[in-house]
Each structure stands twice: as structure tokens, then as C-alpha cells.
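> give me coordinates for this.
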Amino acid sequence: LREDGTFVWSFGSRGRGEGQFETPADVCVGPDGSIVVVDSVLCRVQVFDGQGGFVRSFGSEGVGAGQFLNPLSVAVGAGGEILVADCQRHDVQVFDREGGLVQRIGAGGD
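Here you go, the predicted model:
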């Protein structure tokens with residue numbers, strides 16, 4: 001949306017494939033202009049280029065490292081690291097820009 005509230009553009013569709021969403025819970029823009037979306041139903045993170053083109057996804061449902069139960073919030077750090085807060089796991093997982101797990105904070109993490 002523009003400052004005046006007018007619609008600019010959208011991307012994605014409903015579904016389970018690449019570039020699709022069931023319940024996009026949060027979105028943020030990285031320092032490189034990439035768009036990062038966390039989907040709480042699909043338990044995954046998808047990364048898009050600045051025009052909404054699919055780049056990669058990571059994560060799955062579960063309690064293991066790099067998995068999610070109910071991810072609700074996502075942020076991107078200045079270095080491109082992706083932070084995902086999961087309200088059911090009671091943790092924040094930190095991933096590198098490629099989706100590799102770096103650290104887990106809370107609920108038994110670092």
C-alpha cells in the first residue's frame with residue numbers, strides 16, 4: 001500500500017506449492033529488498049525477490065531443529081539473517097539467508 005492507502009501490487013495465491021500460501025502470518029523486507037513470508041499453517045518460510053518471484057522456502061511441521069509448530073512472526077536482520085518466532089514451540093529460530101539453522105533461542109535453545 002502507498003502512504004495514502006491505495007493498492008500497489010500483490011503476489012502469490014492460495015495453495016501449498018512454491019509461491020503459494022495457506023495462512024501468511026507475517027511478512028518483512030530484507031536489507032537486499034527480498035520479501036520474506038512466514039505461513040503458520042504450512043509451517044514454512046518463503047523468500048521472494050523484490051518483484052515477488054519465488055526464490056526458496058524452508059521449514060516444515062515438527063519439533064526438530066529448523067521445524068515449526070505455529071510460526072507467527074518473521075524478521076530479517078541487517079546481515080540478512082531470518083528470525084522466526086513460534087508461539088507453540090516458545091522459541092525463536094535464527095536462520096542464515098539460505099535457510100540454514102544458525103541458532104535457537106528459548107524453550108531449551110541457546
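> shaky segments in the protein?
For the chain, the stretches flagged by pLDDT under 70 are 108-110.
> pull the residues that contact stretch 77-92.
Stretch 77-92 has contacts (Cβ atoms under 8 Å, 6 or more residues apart in numbering) with 30-32, 36, 38, 45, 47, 59, 63, 68-76, 93-97, 99, 102, 104-109. To be clear about C-beta, it is placed using only N, CA and C from the backbone, and glycine gets the same treatment.
> now, those residues that are in strands?
Secondary structure defined by DSSP state E assigns 36, 38, 45, 47, 71-76, 93-95, 102, 104-105 of those to strands.
> put the buried members of the residues you listed into a ChimeraX selection.
Selection of buried members from the ones in strands among the contacts of stretch 77-92 for ChimeraX, criterion 16 or more other Cβ atoms under 10 Å:
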select :36,38,45,47,71,74,75,76,93,94,95,104
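> give me the element the residue of the chain most remote from its centre is part of.
The C-alpha centroid of the chain is most remote from D4, which lies 27.0 Å away (Cα atoms, centre = their mean). Assessed by DSSP states H and E, D4 sits outside every helix and strand.
> what residues are up against it?
Per Cβ under 8 Å, 6+ apart, neighbours of D4: none.
> the one 10 residues further on now?
Contacts of R14 were listed using Cβ under 8 Å, 6+ apart, and they are 20-22.
> what's it sitting at in phi/psi?
Backbone geometry at R14, expressed as degrees, to the nearest 10, gives phi -80, psi 140.
> roughly how far does it sit from V74?
19 Å (Cβ to Cβ, to the nearest Å).
> ok, G66 next?
Counting by Cβ to Cβ - G66 and V74 are separated by 14 Å.
> cool, and L42?
Taking Cβ to Cβ as the measure, L42 falls 13 Å from V74.
> just F68 next, same as before
Taking Cβ to Cβ, one finds F68 at 11 Å from V74.
> now do R104
15 Å.
> equivalent analysis for V38, please.
4 Å.
> number of nearby residues for the residue lying closest to R2 once chain neighbours are set aside?
Counting by Cβ to Cβ, 6 or more residues apart in numbering, the nearest residue to R2 once its immediate chain neighbours are dropped is V8, at 6.0 Å. Neighbour count for V8, taken as other Cβ atoms under 10 Å: 6.
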